[in-house]
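Asker: Quick one: sequence and predicted model below, then my questions.
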Amino acid sequence: MNISHFELLCEVARVKSFSKAAKLLHLSQPAVSSQIHSIEDYYGAKLFERSTSGVTLTPVGEIVYQYAKEILRLHEKLEKEIDDLLNTENQKLIIGASSTIGNYAIPCTIWTFKEKYPCTQIKLEVKNTETILSMLANDELDLALLEEPIPKNDGNLKKQPVLNDELLVITPPKKPWVDKTSITLEELKKAPLIIREQGSGLRYMFEKAISGLNVKLPEDFNVIAEMGSTEAIKSAVEAGLGVSICSSLAIKKEIRSGTIHPLRIENAEFQVNYLIVYKNDKQLNNAAKRFIRFLAGPGKDPFC
């Protein structure tokens with residue numbers, strides 16, 4: 001038994017479903033079932049009642065669950081006390097992030113992490129994906145948060161998923177777009193398109209997504225401008241200058257306020273997976289290890 005077993009058990013108990021827990025933990029359902037069976041074998045008792053509607057704790061399972069929560073609470077307290085004794089280098093953390101996740105998700109996460117581990121000194125570098133990968137290769141960063149797929153297929157990189165998202169077409173909230181919920185690929189090809197610069201993760205993701213649709217960027221699209229930031233693109237779209245492609249993570253505020261209208265591309269699924277990335281051969285310090293667990297651990301909602 002280890003801490004991850006208790007975290008897994010608590011997550012299954014919380015969502016009352018192996019499949020939901022598997023999705024949240026980025027594991028397969030058989031893997032979750034296998035680990036729960038291992039825990040049950042260890043304690044020699046059935047911990048969950050299975051049914052078609054989900055799972056519920058047995059009386060023994062309820063006892064184990066309560067102790068598991070207490071063990072996790074004590075482990076968190078232990079880590080905080082260790083932090084008080086660690087040297088300064090073990091409490092420094094330099095994080096790199098691509099523009100979308102760096103500007104719209106990770107700042108709030110860092111704030112929450114700092115509340116839990118106040119001694120940690122964190123520096124955040126927000127650049128395009130190409131630059132972040134270069135900094136990672138040169139040991140200028142401890143770890144990075146990037147979109148999948150990563151342009152360089154580097155076997156020296158360890159990758160761990162933390163969040164699923166999707167790419168949307170963003171338009172000004174006016175005709176002909178405002179009455180639509182989706183757009184065809186042919187309509188998108190003809191629309192005035194504003195895109196991110198070469199080297200950005202967002203552009204690379206879109207290029208990869210459309211590669212299976214027998215179209216290429218920029219040749220098959222009406223590209224009117226390239227811009228170096230998502231904020232600049234959103235401002236241009238809000239002003240009615242054209243349409244663009246954006247992660248839903250980056251446009252939550254604009255969708256709520258009605259200044260941008262989102263569309264899905266018909267007959268296509270543009271899913272985005274965000275990853276923690278670090279070098280396989282890099283010896284991570286305690287702050288980096290804890291930040292990874294904080295983002296990717298069971299029951300975590302890593303981004304505000």
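Answerer: Thanks, I have the structure now.

Asker: what is the rounded mean pLDDT of the lengthiest helix in the chain?
Answerer: In the chain, taking DSSP state H as the definition, the longest helix is helix 59-85. The pLDDT scores in helix 59-85 average 86.

Asker: Output the contacting helices and strands for it.
Answerer: In terms of contact count using 3 or more CB pairs under 8 Å, 6 or more residues apart in numbering; DSSP states H and E, helix 59-85 is assigned the packing partners helix 3-15, helix 29-43, helix 286-296. C-beta here means a position set from N, CA and C on the backbone, and glycine is covered the same way.

Asker: can you list the ones you listed in CSV and add distance to L143 and mean neighbour count?
Answerer: Putting the helices and strands packed on helix 59-85 into CSV (distance: least, CB to CB, whole Å; neighbours: other CB atoms under 10 Å) gives the following:
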stretch, distance to L143, mean neighbour count
helix 3-15, 19, 20
helix 29-43, 24, 15
helix 286-296, 6, 19
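
Asker: which outside residues touch stretch 156-165?
Answerer: 26, 105, 136, 145, 148, 150, 247-249, 271-281, 292, 295-296, 302-303 (CB atoms under 8 Å, 6 or more residues apart in numbering).

Asker: One more pass at 7 Å, please.
Answerer: With contacts defined as CB atoms under 7 Å, 6 or more residues apart in numbering, stretch 156-165 is touched by 26, 247-249, 271-281, 292, 295-296, 302-303.

Asker: Show me the shaky parts of this structure.
Answerer: 26, 83-84, 86-90, 152-154, 297-304 (pLDDT under 70).

Asker: the helices in it, which residues?
Answerer: 3-15, 18-25, 29-43, 59-85, 99-104, 106-116, 129-137, 185-190, 201-211, 230-238, 252-257, 286-296.

Asker: looking at the ones you listed, which is buried most?
Answerer: helix 99-104 (a mean of 23; mean count of other CB atoms under 10 Å).

Asker: name the helices or strands packed onto it?
Answerer: Contacts defined by 3 or more CB pairs under 7 Å, 6 or more residues apart in numbering; DSSP states H and E place helix 99-104 against strand 121-126, helix 230-238.

Asker: Would you convert those into TSV that also reports distance to V12?
Answerer: Formatted as TSV, these follow (distance: least, CB to CB, whole Å):
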stretch	distance to V12
strand 121-126	32
helix 230-238	37
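
Asker: quick one, domains of the chain?
Answerer: Annotated domains of the chain cover 3-85, 88-163+273-296, 164-272 [automatic domain parsing].

Asker: Pull the distance from the longest one to the chain's centre.
Answerer: Relative to its chain's centre, domain 164-272 lies at 20 Å (CA atoms, centre = their mean, to the nearest Å).

Asker: Next: the second one.
Answerer: Taking CA atoms, centre = their mean, one finds domain 88-163+273-296 lying 11 Å from the centre of the chain it belongs to.

Asker: picking that back up, now the helices of the chain in CSV, with distance to L168?
Answerer: Listed next are the helices of the chain as CSV, based on distance: least, CB to CB, whole Å:
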stretch, distance to L168
helix 3-15, 27
helix 18-25, 21
helix 29-43, 29
helix 59-85, 37
helix 99-104, 12
helix 106-116, 20
helix 129-137, 19
helix 185-190, 11
helix 201-211, 11
helix 230-238, 11
helix 252-257, 9
helix 286-296, 24
